[in-house]
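Q: Model the structure of this input:
(chains A and B)
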Protein chains: 2
Amino acid sequence: MKHLTLPPIASAGQPLAAIDTPALVLDLDAFERNLDRLQAAADAAGVKLRPHGKAHKTPAVALAQIARGAVGICCQKVSEALPFIEAGVADIHISNEIASLPKAALLAQAALVARMSVCVDDIVQVDMLGQAAAQAGSRLGVFVEIDIGHGRCGVTGIEGVLPLLDRIARHPQLEFRGLQAYHGTLQHLRSHAERRERSARAAARAGEVVLALEARGVRCGTVTGGGSGSAEFDFASGVFTEIQAGSYAFMDRDYGDNEYTDTLRFEHAMFLACTVMSTAAKGHAVVDAGLKSLTTDSGLPGIWPPGRLRYHQASDEHGVVHAIDGPLPALGQQLLLVPGHCDPTINLHDQIVCLRAGVVEALWPVSSRGLSR
Amino acid sequence: MKHLTLPPIASAGQPLAAIDTPALVLDLDAFERNLDRLQAAADAAGVKLRPHGKAHKTPAVALAQIARGAVGICCQKVSEALPFIEAGVADIHISNEIASLPKAALLAQAALVARMSVCVDDIVQVDMLGQAAAQAGSRLGVFVEIDIGHGRCGVTGIEGVLPLLDRIARHPQLEFRGLQAYHGTLQHLRSHAERRERSARAAARAGEVVLALEARGVRCGTVTGGGSGSAEFDFASGVFTEIQAGSYAFMDRDYGDNEYTDTLRFEHAMFLACTVMSTAAKGHAVVDAGLKSLTTDSGLPGIWPPGRLRYHQASDEHGVVHAIDGPLPALGQQLLLVPGHCDPTINLHDQIVCLRAGVVEALWPVSSRGLSR
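A: Numbers count the residues shown, from 1 in each chain, chains lettered A, B, ... in the order given. The predicted model follows:
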């Protein structure tokens, strides 16, 4: 049988219009400005930046962040970290708990080749990590996760932290490196003033634990947390020593809907290129990007530039587009969408098509795509 | 640098509890009963079954369907079809329009090695297909898509079909094979009676076009459409000659919420195995399966067996689980979720772990995962 080969999605030197769709495309100039902007704000505040790899799952992005001064990256899963380590990222924090021995064993193996840390909120997790690190002969950094209002994982207050510190101290291969304090939901509060107020309250809760630990002679070292919606407040908090922002590199529609001042504002840098494949219906056009190339958990994508068209409905491989102002797009026309939520959308794609001034410069593999173990 | 290897997600002979998570698991006995049940209903009705490959993206599933009597499969995209062709599937219908020359060219190449067809609802698409098939020297089957109430793609009535027939006839390498008539939204109407009534109305709209064409001396050949929620009515319609159901093989939570009679009822056969990784909070447990391993476009997943626990909220790599009745699950405990929508959920995974009587029998690669071009 003749072997059929899927042609590459794009080649260096091609214009945007020549890219096969659906395709994730990255405006490198806007992306690099986003990276520079957050790194400069972190440097000015004297706070470390540890961008979140779960947002991009792309070693080339991590290396661009580290080249600008990031101290390493976060990952959400151990398997997710492996392609980054392979690409040379030397310092990775798993900003999440694990509660199975095989995952602890893999993390302990990874700690033989990179500086690794992970979160705990239960002594059972601590014992698993201690056992795995002893078996592997590696050292693992451990952060106690505290809940500062998000209400998902993490212990509450100093009373929750102390038993975990005792337990960590029993395992010679584990090293207490500080606290993780993350509040996810406040990142998406639209009002800048409300975000500032809620971020201050969350940071204050973390600060209380830091002070209570210091009063017992325990130095926290690192307090890690924060995100793209709260970074400007977290920098100024005096509590966080390390910020975990991820989406700032791309700016999805959901983060774009937040209200910002000029202090720290990011540009839409990532788009989903799609093509109109049906215009038979009256009143709408249909594009070739649906639930298999974008996710709708944070709402529907925007259409770029805004104002003329609206993405109305997604099914598996179809997107229905309405006109707000002016005509519907023509059959075969390429459109750019702004993903509703960049993290799970990028996780659908094997590569990012990178453009500069509208011309393809590189294809970046999304090497950690699908690695959720 | 030491090379780190991600261990396999599971190995043949292992019990369910030993599978690393999150993992898509398939209960082979229930799955095979689902395949047998729909094929028997199709055979009894004298209607062909062409299951939808977009639901599973997995050649092993397609081959199991064809072994039971399916005439081939549908795909939604040309790229999606390639791994199926490679695996030996000889007859694939692209149940969708394409409106770009590179995609038409790839389809025409595929038609050199498999029997291929595709939908049209515009003469521009017809000309692209004709040009591509002429260049490749292949024959392409063409279905005119008609809108029977779904309101997405497709032309309306005989007036919409005739100009496309004329255009198809101008291209010697294109072959008119019939009509595609698909109504997606009615598949998910919960009431059995309402689904029956709406399916009959949709089929009647298709039947009118078939009769009008026959009155003009045009034989439709095949009328393809239908889905897992309407199949029993479509079989009996006297209009459809071929049914495109996909989800019946797995039965997701959304289809499970439909009301069925005993005529044609399917079992939940696909689950997402996950692990409780945090129980620090009062009132909920947190599992390691979120938006990177399931999708929420058709609502949250169920928890299997039903009645005791509820999946309350998804974030990227976390799922918050509440108790309905009884205690919360323990740290480290494995849970089985029933995906809200199987198609985009399977598209997140590289493999399906197949179990029989709770023991791993095979790992099936989801070879068309991510192929949306």
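Q: in what helix or strand does A:Val320 lie?
A: Using DSSP states H and E, A:Val320 sits in strand A:319-323.
Q: contact partners of that strand?
A: Applying C-beta atoms under 8 Å, 6 or more residues apart in numbering or on different chains, the external contacts of strand A:319-323 come out as A:274, A:276, A:283-290, A:294, A:301, A:303, A:308-314, A:328-329, A:335, A:337, B:152. Every C-beta, even on glycine, is put in place using the N, C-alpha and C of the backbone.
Q: Are any of these buried, and if so which?
A: Among the contacts of strand A:319-323, the ones that count as buried by 16 or more other C-beta atoms under 10 Å in any protein chain shown are A:274, A:276, A:284-290, A:294, A:301, A:303, A:309-311, A:313-314, A:328-329, A:335, A:337, B:152.
Q: on that earlier part again, would you give the sheet partners of the strand holding A:Val320, along with the direction of each?
A: strand A:285-287 (antiparallel), strand A:309-314 (antiparallel) (DSSP bridges).
Q: top helix in chain A by residue count?
A: When chain A is scanned for its longest helix (criterion: DSSP state H), the result is helix A:192-215.
Q: Quick check: which helices or strands does it pack against?
A: Packed against helix A:192-215 by the contact rule (3 or more C-beta pairs under 8 Å, 6 or more residues apart in numbering or on different chains; DSSP states H and E) you find strand A:140-146, helix A:157-169, strand A:174-181, strand A:222-225, helix A:231-235.
Q: Establish whether the second one and chain B are in contact.
A: Yes: contact of helix A:157-169 with chain B is found when judged by C-beta under 8 Å from any C-beta of the partner chain, involving A:Gly160.
Q: any idea of the mean pLDDT for that helix?
A: Mean pLDDT, helix A:157-169: 98.
Q: Put the alpha carbons of it into CSV.
A: Output of helix A:157-169 as CSV, limited to C-alpha atoms (Å, rounded to 0.1, in the frame of the first residue of the first chain):
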residue,chain,number,x,y,z
GLY,A,157,-2.6,28.1,58.9
ILE,A,158,0.4,27.3,61.1
GLU,A,159,-1.5,24.4,62.7
GLY,A,160,-1.6,22.6,59.4
VAL,A,161,2.0,23.4,58.5
LEU,A,162,3.8,22.2,61.7
PRO,A,163,3.0,18.5,61.6
LEU,A,164,4.2,18.4,58.0
LEU,A,165,7.5,20.1,58.9
ASP,A,166,8.0,17.5,61.7
ARG,A,167,7.4,14.8,59.2
ILE,A,168,9.7,16.3,56.5
ALA,A,169,12.5,16.5,59.1
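Q: residues near A:Pro172, how many?
A: For A:Pro172, the count of nearby residues is 10 (other C-beta atoms under 10 Å in any protein chain shown).
Q: Phi and psi next, for it.
A: Main-chain dihedrals, A:Pro172, degrees, to the nearest 10: phi -60, psi -20.
Q: low pLDDT regions in chain A?
A: Under the criterion pLDDT under 70, the flagged ranges of chain A are A:1-2.
Q: For A:Ala44, which residues are in contact?
A: A:Phe235.
Q: Buried ones in stretch A:331-351, by neighbour count?
A: Across stretch A:331-351, burial judged by 16+ other C-beta under 10 Å covers A:331-332, A:334-349, A:351.
Q: Return the subset of those lying in strands.
A: A:Gln334, A:Leu335, A:Leu336, A:Leu337, A:Val338, A:Gln351 (DSSP state E).
Q: and which of those residues is nearest B:Tyr255?
A: Lowest distance from B:Tyr255 to those (C-beta to C-beta) belongs to A:Leu337, with 28.1 Å.
Q: For the closest residue to A:Gly178 other than its chain neighbours, grab the count of nearby residues.
A: Nearest residue to A:Gly178, sequence neighbours excluded (C-beta to C-beta, 6 or more residues apart in numbering or on different chains): A:Thr222, at 3.6 Å. Using other C-beta under 10 Å, A:Thr222 is surrounded by 19 other residues.
Q: wouldn't A:Arg310 be in contact with A:Trp304 here?
A: No: with contacts counted by C-beta atoms under 8 Å, A:Arg310 stays clear of A:Trp304, the gap being 11.9 Å.
Q: shared neighbours, those two?
A: Counting by C-beta under 8 Å, 6+ apart, nothing touches both A:Arg310 and A:Trp304.
Q: Which phi and psi values does A:His52 adopt?
A: When read as degrees, to the nearest 10, the backbone of A:His52 gives phi -90, psi 120.
Q: need the residues of the stretch 101-250 of chain A near chain B, please.
A: Residues of the stretch 101-250 of chain A lying close to chain B (C-beta under 8 Å from any C-beta) are A:102-103, A:106, A:109-110, A:112-113, A:121-122, A:124-125, A:145, A:147, A:151-156, A:160, A:184.
Q: Could you list which of the residues you listed belong to helices?
A: Short answer: those in helices (DSSP H) are A:Pro102, A:Lys103, A:Leu106, A:Gln109, A:Ala110, A:Val124, A:Gln125, A:Gly160.
Q: List buried residues within those.
A: Buried members of these, counted by 16+ other C-beta under 10 Å: A:Pro102, A:Lys103, A:Leu106, A:Gln109, A:Ala110, A:Val124, A:Gln125, A:Gly160.
Q: right, and the pair among the residues you listed with maximum separation?
A: A:Gln109 and A:Gly160 (29.4 Å).
Q: For the most centrally placed residue in chain A, which three-state class applies?
A: The centroid of chain A falls nearest to A:Ala55 when counting by C-alpha atoms, centre = their mean (2.5 Å). Three-state assignment for A:Ala55 (DSSP: H, G, I helix; E, B strand; the rest coil): coil.
Q: Quick check on the spatially closest residue to it that is not a sequence neighbour: phi, psi?
A: Among residues not flanking A:Ala55 along the chain, A:Gly246 sits closest, at 3.0 Å (C-beta to C-beta, 6+ apart). Main-chain dihedrals, A:Gly246, degrees, to the nearest 10: phi -130, psi -50.
Q: Check whether A:Gly246 really touches A:Arg50, as I assumed.
A: No: with contacts counted by C-beta under 8 Å, A:Gly246 stays clear of A:Arg50, the gap being 9.9 Å.
Q: dump the residue contacts of A:Glu267.
A: By C-beta under 8 Å, 6+ apart, the contact list for A:Glu267 reads A:Asp27, A:Ala30, A:Arg33, A:Asn34, A:Met251.
Q: Buried ones among those residues?
A: Buried members of these, counted by 16+ other C-beta under 10 Å: A:Asp27, A:Ala30, A:Asn34, A:Met251.
Q: just curious, which of those is nearest to chain B?
A: Using C-beta to the nearest C-beta, A:Met251 is the member of these that sits closest to chain B, with 16.8 Å.
Q: how about A:Gln351, what does it touch?
A: For A:Gln351, the contact set (C-beta under 8 Å, 6+ apart) comprises A:Ile9, A:Leu24, A:Leu363, A:Trp364, A:Pro365, A:Val366.
Q: Report the beta-bridge partner residues of it.
A: Note on A:Gln351: beta-bridge partners A:Pro365, judged by DSSP bridges.
Q: and it, how far is that from A:Glu175?
A: 37 Å (C-beta to C-beta, to the nearest Å).
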